[in-house]
Structure formats: structure tokens, C-alpha cells
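I would like the atomic coordinates for the input below:
(chains A, B, C and D)
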Number of protein chains: 2
Amino acid sequence: MPRTLNSANSTDRMPGQATGKERILASAMLLFARMPYSDTSLRDIAAAAGVDVAYVHRAFGSKAEIFRQALLALAPLDDIAAGDPDGATMINRICDLAFLRDPRKVEDVRPLHLLTQSSLCSEARAIIAQFFGTSLALPLSRAFGHADPGRAHFALSLLSGFVTHRAIFGPADLLAIPEADQRQMLQTALMNAMLPGCSDGVFGWRPI
Amino acid sequence: MPRTLNSANSTDRMPGQATGKERILASAMLLFARMPYSDTSLRDIAAAAGVDVAYVHRAFGSKAEIFRQALLALAPLDDIAAGDPDGATMINRICDLAFLRDPRKVEDVRPLHLLTQSSLCSEARAIIAQFFGTSLALPLSRAFGHADPGRAHFALSLLSGFVTHRAIFGPADLLAIPEADQRQMLQTALMNAMLPGCSDGVFGWRPI
DNA sequence: TCACCCTGTCATTGAGCGTTGACAACAGGG
DNA sequence: CCCTGTTGTCAACGCTCAATGACAGGGTGA
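Just a heads-up that it's a prediction; the model follows:
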């Protein structure tokens, strides 16, 4: 057997060079941000990381665990609730998650990309639901004084719908709207969703 | 039950007695409404319809074609744009899609259930994108005088986010809100999304 | 009668999946 | 020196999937 001589092997790695495990995690982030959990195979991740499929599994234990760790590795980057922001600031930060990031570059991948891509996948659902609740809904609710915690989930559902819809279908009519305007629309929608009085009607219009 | 194409059926069947093909389509509607395209196997559909797996494929040609036909058979039931409704009425009808229906009963399955469940699935994406555009976004845009067609997509993205989020995660805090209030919140959010002026700020609040 | 679809079943195929076991190469510690 | 743990590779397992090919019963039309 030609024991691979190439073996840019293990430990005599150049400084700054990522280990296999790190490359696997980075590849997983990229791929999970770009397609749903079920469409992302360990073989894809392995190929992107330049390692064997078996090692991807061996190094993390299971596919679900890779997903969980990719999400966790992304999460602390956000600091979404740092400094106990008020409602408007919080909404502003959350809107950051929907814009200004390029999921094709690993350093720009945000947790929200993973959440929206895989939210429908039964295996990833539990992981995502927990993350959504504790890392997004809770801080958002807190920023609005804990009144009506259900509203935080409502607002986040609108957000994830927007992100998903834009990423998946990318309807030309929507993309034709300048990004600044899109952002303003989204911010307003979220803000209105969080403000109790707003459901009573806006600009004179009332729900039928 | 949608009467399928293909001639007055050779045998005039007892009322209530469905052909295999009809049972397959009904089962497909139920299952596609309950779980994503990729999680729904032809075997599941076959088992639910009480026929062999091979016949499911034989009768429709491919899995994607079954999905497409299930969607098409559901679509005309809605009459979402009947009578050239105004904006508020249209929003009201669209909100009907998100409530008041029980996706466990085949007669209550709505197109939106299929759309939101499978929107992330690459195989179903094209079918869904087309349906979203022509059957929902277009009538909605028309109801608002064709101004800013991108807004229709924006509003629909919020809707699909809400439906998906509630169906998939069903966060307790959100479900704790009375359904009438949820509906009002959703209606208001969609209405605001469609009204250009609203992005300028609501109740004195302005986007940062 | 015969031929012909339509409806339906059974066995199978080929591909892709997550996962596992055996094992190689190497590093650090005793 | 051996021992152990980490980092990998390779081949294969068992499984599910959509899709096919062969074939059988029955009603219909000629």
C-alpha cells in the first residue's frame, strides 16, 4: 500500500496553519451556512477540509455534534447582548445579522445563517430551538423589559423569514430594493413587532 | 379530493372510494405539509396511501412531480385573489393561510404548509419560488396597486417566517399569546410592510 | 375472442449516507 | 527503549433512498 507520502502531516505544521480539526470546523461553518443540515454531508465537509470522511466523524463523534460545535464556535462572536442595550440598539444589532455578512467567507459566517438554513431539519431542530431561545429571544426580550416575551419570538420569526426568503429565493423584486431600504423596512417591522401598542393599528389602519 | 386529470375515469367509482393515485396525492399533501420534502420519502407516502412504493413512482414519474402536483392540486382551493380585493382584504386572506387550518386533516392542508416546510430543500426550491411569485406575491402586489412589488416579497417573507417558526419550534412564549392577538400582530406587521410610509418610522420611533 | 392499456406488486439496482474497525505515522513522557 | 495518546487514512458495513424492469390481473374496445 502506498502509504501516502504526501502527508502534510500532523504536528510539524507551519505556525498559523490550521489543524485538521480546525479546518473541519471552518468547513462545516461554511457549508452549514450555505445549505441545510440534511443537504450537507460529512463527505462534503471532509472534502472541503482536505481530510478523510472517517476523521470528520472520529474527531467530533457525530454529525449533530459537528453542527452544534459549529454553532457554538460562531455564537460568542456576536456579543449581541453586550452592554445591556436598549430595545432600539438591540434591534439594530439583530439586523446586523441579516446584512453585511458574506457567508462564503468563513470569517463572515454568522450563527443566523446556520439557524435559518437548517431550521426545518428534524435532526438540527432541537439544537436550533435552544439557541434561538437563549441566545436571541431572551436578550431581545430583556432589552424590552421582559414585557411580553412572546413578542420576541414573534419578531425573531419575522427576521428569520426575511433572511431565509432572501437567501433561498432571492426574488428579483426584493433584491431591487436598495439594501439600506431593506434594512430600514426590516428594522421597522421588528420594532413594531416588539411594541405592544402597535398591534392596535398603524397610521390609522386597523386589522379587520 | 382533487379529481385528477385523465378522462372521466374508466370505472365510475363508488363515491368516497378513492383510487390509488388519489390516495397517493392526498397522502403526499398531508406528509409534505407536515415535514420537509427531503424528510418525506416515497415509502412514507406509499405506506400512508396503502400502495406499493414502486407504484408511487410509476404513477407520477418522480418525487418532484408528486410535490408539484400536490401543490397545484391545493393551489386553486384558495382563490386568494378572487374579486380583486383591496390591500387590507388581501392581507386578511393571506393571514387565513397562517391560521385556522389543521394540517393533519387533508381537507385543511393549505399550499402555505407545503411552501414553508420545504422552502429550504434544493429539489423543491424552484417549484416553490415560482408558486410564491405568481400565486402570492403577484396578487398581493396587485392589491396594493403594483407599487413597489419588492414589498410584497418582503411581506411574504415575514409571513413565511412566522408560519415556519411557529410550526417548527412552537416556542411556548409565542403560543401563550391568544391566537386572535397573534393574528392581529401578524396582520399589522404585513400591512405595515406593504405601506411605504411606514418605513419612515412608527409611533415616533425611527430606525437608527 | 384477442389485444391493450391502466392499475398495481415484487425484486432489484446503484448511489449516497453516517458510522465503524483496523491500523499507520508520529510526538512526548517514563 | 517501550508505552500511550493524538492525528490521520483506508476499506467496508448496514442502511435508506429514488428509480427500474419484469410481470400479473382486470376491465375495455375491437
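
give the other helices and strands that the biggest helix by length in chain A contacts.
Longest helix in chain A, counting residues (DSSP state H): helix A:149-168. Judged by 3 or more CB pairs under 8 Å, 6 or more residues apart in numbering or on different chains; DSSP states H and E, the packing partners of helix A:149-168 are helix A:87-96, helix A:111-118, helix A:138-143, helix A:172-175, helix A:179-194, helix B:149-168, helix B:172-175, helix B:179-194. Backbone N, C-alpha and C define where each C-beta goes, glycine included.

show me which residues of the next helix or strand after the second one are buried.
Looking back up the chat, that one is helix A:111-118. Next helix or strand after helix A:111-118 toward the C-terminus (DSSP states H and E): helix A:122-131. Across helix A:122-131, burial judged by 16 or more other CB atoms under 10 Å in any protein chain shown covers A:124, A:127-129, A:131.

what's the angle from the longest helix of chain A to helix B:179-194?
40 degrees (axes from the mean of the first three to the mean of the last three CA atoms, to 10 degrees).

follow-up on the earlier one: restrict the buried residues of helix A:122-131 to those near DNA strand D?
When the buried residues of helix A:122-131 are checked against DNA strand D using CB under 7 Å from any atom of the strand, none falls in range.

okay if I get these as TSV plus distance to DNA strand C and pLDDT?
Listed next are the buried residues of helix A:122-131 as TSV, based on distance: CB to the nearest atom of the strand, whole Å; pLDDT from 0 to 100:
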residue	distance to DNA strand C	pLDDT
A:A124	11	92
A:I127	14	90
A:I128	17	92
A:A129	20	92
A:F131	20	87
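
which ones among those also lie next to chain B?
Contacts with chain B within the buried residues of helix A:122-131, as defined by CB under 8 Å from any CB of the partner chain: A:128-129.

just name the closest of the buried residues of helix A:122-131 to A:V163, please.
Among those, A:I128 lies closest to A:V163 (CB to CB), at 13.3 Å.

wait, isn't that closest one in contact with A:Q117?
No. A:I128 is beyond contact range of A:Q117, at 9.7 Å (criterion: CB atoms under 8 Å).

list the contacts of A:L186.
A:95, A:98, A:159, A:162 (CB atoms under 8 Å, 6 or more residues apart in numbering or on different chains).

tell me which two of those residues sit farthest apart.
Farthest pair in the contacts of A:L186, by CB to CB: A:C95 and A:F162, 9.6 Å.

more neighbours, these two?
A:F162 (28 against 22; other CB atoms under 10 Å in any protein chain shown).

which residues sit in contact with the more buried one?
By CB under 8 Å, 6+ apart, the contact set of A:F162 is A:98, A:186, A:189, B:154, B:157-158, B:161.

so for those residues, which is the shakiest by pLDDT?
When the contacts of A:F162 are compared by pLDDT, A:A98 scores lowest at 87.

ok, and the closest non-adjacent residue to it?
Spatial nearest neighbour of A:A98, chain neighbours left out: A:V163 (5.0 Å); criterion: CB to CB, 6 or more residues apart in numbering or on different chains.

pretty sure that neighbour is touching A:D96, no?
No. Counting by CB under 8 Å, A:V163 sits too far from A:D96 to count as a contact (11.7 Å).

can I get the contacts of A:F162 in CSV including distance to DNA strand D?
Converted to CSV, the contacts of A:F162 look like this (distance: CB to the nearest atom of the strand, whole Å):
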residue, distance to DNA strand D
A:A98, 32
A:L186, 36
A:A189, 36
B:F154, 33
B:S157, 28
B:L158, 31
B:G161, 26
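
could these be laid out in a markdown table, adding distance to A:I45?
Converted to a markdown table, the contacts of A:F162 look like this (distance: CB to CB, whole Å):
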| residue | distance to A:I45 |
| --- | --- |
| A:A98 | 25 |
| A:L186 | 31 |
| A:A189 | 35 |
| B:F154 | 34 |
| B:S157 | 29 |
| B:L158 | 33 |
| B:G161 | 28 |
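
from these, pick the one nearest DNA strand C.
B:G161 (26.5 Å; CB to the nearest atom of the strand).

got the contact list for the closest residue to the closest one other than its chain neighbours?
Excluding its sequence neighbours, the residue lying closest to B:G161 (CB to CB, 6+ apart) is A:G161, at 1.6 Å. Going by CB under 8 Å, 6+ apart, A:G161 touches B:157-162, B:164-165.

let's go with 6 Å and repeat that
Contacts for A:G161 (CB atoms under 6 Å, 6 or more residues apart in numbering or on different chains) come out as B:157-158, B:160-161.

show me which of these is closest to chain A.
Closest approach to chain A among those (CB to the nearest CB): B:G161, at 1.6 Å.

closest to B:A46 out of the helices and strands packed on helix A:149-168?
Using CB to CB as the measure, helix B:149-168 is the one of these that comes nearest B:A46, at 24.7 Å.

now the closest one against helix B:122-131, angle please.
130 degrees.

do you know how far A:L158 is from B:V163?
Separation of A:L158 from B:V163 (CB to CB, to the nearest Å): 11 Å.

with A:A180 instead?
Plainly put, A:A180 is 28 Å away from B:V163 if you go by CB to CB.

ditto for A:A46
With CB to CB as the criterion, A:A46 and B:V163 are 36 Å apart.

what about A:R34, neighbour count?
Look at A:R34: counted by other CB under 10 Å, it has 16 neighbours.

any idea how far B:P171 is from it?
26 Å.

domain parsing for chain A?
A:20-72, A:74-198 (automatic domain parsing).

can I get these in CSV with distance to B:P85?
What follows is the domains of chain A, written out as CSV (distance: least, CB to CB, whole Å):
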stretch, distance to B:P85
domain A:20-72, 35
domain A:74-198, 20
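
lowest average confidence across the ones you listed, which one?
domain A:74-198 (a mean of 90).

name the residues of chain A found near chain B, please.
For chain A, the residues in contact with chain B (CB under 6 Å from any CB of the partner chain) are A:36, A:38, A:88, A:92, A:119-120, A:129, A:149-150, A:153-154, A:157-158, A:160-162, A:165, A:168-169, A:171, A:173-174, A:176-177, A:184-185, A:187-189, A:191-193, A:199, A:202, A:205, A:207-208.
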